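Undergrad: kindly generate the corresponding structure for this input.
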Amino acid sequence: KEGTVTPVRTTTNSSGYKDSYLATEYGSYTCEITNACTSVPKVINFEISPLNPGDYPETPLSNVTISLGGVTCFDVTSSLVAYSDYPLSVTGSGLQRLDKVTWVITETKAVQSASATTGNTNAQLHFKSQPAVSGLAPAEITVTAYIDLTLTGSTTAKRSVSKTVKFQNQSCCATGMIISKGVWTPNSSNTTTMNGNNNLAFSVVDDYFTKSTTTDLCLASTDEGVSITWNTASQTTCANSTKDGQPAGSWRLPNIAELGQLQGSQTSYGMQTNFYWSSTERDGGTAWFWLYNTSLAFSNPKTLSYAELGVRCVRSL
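TA: Predicted structure coming up:
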């Protein structure tokens, strides 16, 4: 490095490669490359300089869609897995190629390690177990992808997309009603078999679903109401709900396995002992609901509505 005498790094193979740098490492460098065939080294001069965020606006591009996935809240007291992927998607007819992605994390005290995977279009952050509680980290960090791309017509562009990750103590789910690893997904190959039955116990229902090993489930604080048809509950009731301060689009109708797993503890969540609609369909005209006072799943017409049939929305954390 310019201004120093001792080599910064020496290596006999490619293990000396490095793709992330601290601010203290910015500066001018000279790299000498030699081999056993010649005593004359190949010399490369280069600069490691900070990226200028001002060169990467977040303004939209014509016919190019840029989005960044990943969790936005890490609950330090939940059993949520201690890492999260932040997949970057750049698509559209206006894109010729993706040239380069540079990931920047504004605060690293909450992060045990970070790596870029899948062609650098996915950042994986491994969080420390209790950063906010232990005082090791601030309340939030920001993950940003700075993107160099070539558009149709061979013009180049620079854009950025970011996501703020909050660290909270059991308040990612404002109600505190967190079901550890409570998200279930259906096994589509078994759906037909399940739909040939009725009056199913949870020990039968869970054969048709897979329980998450990573994702917790948050229950809304109260029911959305009763006398709601399945068509309304599945399409608009939860999707439009702003309960517990969450924006519309945050909530969804739980599937039949997610309702069934609450059997025996539903009253502690303020739920009634009667029927609750699930998002799981039996066929084009009927859908499944869970009846807590019998501990069974039943199906009924989607147009059915009466006072004992309730709706409780959920969110995946």
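
Undergrad: where does the stretch 1-150 of the chain dip in pLDDT?
TA: Low-confidence segments of the stretch 1-150 of the chain (pLDDT under 70): 5, 8-23, 75-82, 107-109, 128-139.

Undergrad: and the gap between the residue of the chain most remote from its centre and Ile33?
TA: Most distant from the centre of the chain: Ser39, at 52.4 Å, with distances by CA atoms, centre = their mean. Remark: distance between Ser39 and Ile33 (CB to CB, to the nearest Å) = 12 Å. Where C-beta positions appear, they are placed from N, C-alpha and C, glycine not excepted.

Undergrad: now do Asp206
TA: Here the criterion is CB to CB. By it, Asp206 lies 59 Å from Ile33.

Undergrad: next: Asn197.
TA: From Asn197 over to Ile33 (counting by CB to CB), the distance is 69 Å.

Undergrad: swap in Thr118?
TA: 30 Å.

Undergrad: who has more neighbours out of the two?
TA: Thr118 (11 against 8; other CB atoms under 10 Å).

Undergrad: for the more buried one, which non-adjacent residue is closest in space?
TA: The shortest distance from Thr118 to any non-neighbouring residue, by CB to CB, 6 or more residues apart in numbering, is to Pro87 (7.7 Å).

Undergrad: and what of Leu304?
TA: Per CB to CB, 6+ apart, closest to Leu304 is Thr229, 6.6 Å.

Undergrad: okay but that neighbour is in contact with Val311, surely?
TA: No: if you go by CB atoms under 8 Å, Thr229 and Val311 don't touch, sitting 10.0 Å apart.

Undergrad: between those two, who's got more neighbours?
TA: A count of neighbours by other CB under 10 Å puts Val311 above the other of Thr229 and Val311, at 26 against 19.

Undergrad: I'd guessed that one sits against Asn274; true?
TA: No: look at Val311 against Asn274 with CB under 8 Å: they stay out of range, at 11.9 Å.

Undergrad: ok, now which ones touch the spatially most central residue of the chain?
TA: Nearest residue to the geometric centre of the chain (CA atoms, centre = their mean): Gly70, 3.0 Å. Gly70 makes contact with Ser84, Asp85, Tyr86, Pro87, Ala123, Val143, Lys163, Val165 under the criterion CB atoms under 8 Å, 6 or more residues apart in numbering.

Undergrad: of those, grab the buried ones for PyMOL.
TA: What follows is the PyMOL syntax for the buried subset of the contacts of Gly70, where burial is set by 16 or more other CB atoms under 10 Å:
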select buried, resi 84+86+123+143+163+165
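
Undergrad: could I get the contacts of Gly70 in JSON lines, plus columns for distance to Ile48?
TA: As requested, the contacts of Gly70 are exported to JSON lines (distance: CB to CB, whole Å):
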{"residue": "Ser84", "distance to Ile48": "28"}
{"residue": "Asp85", "distance to Ile48": "27"}
{"residue": "Tyr86", "distance to Ile48": "24"}
{"residue": "Pro87", "distance to Ile48": "27"}
{"residue": "Ala123", "distance to Ile48": "20"}
{"residue": "Val143", "distance to Ile48": "22"}
{"residue": "Lys163", "distance to Ile48": "26"}
{"residue": "Val165", "distance to Ile48": "27"}
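
Undergrad: pull the most distant pair out of the contacts of Gly70.
TA: Pro87 and Val165 (14.3 Å; CB to CB).
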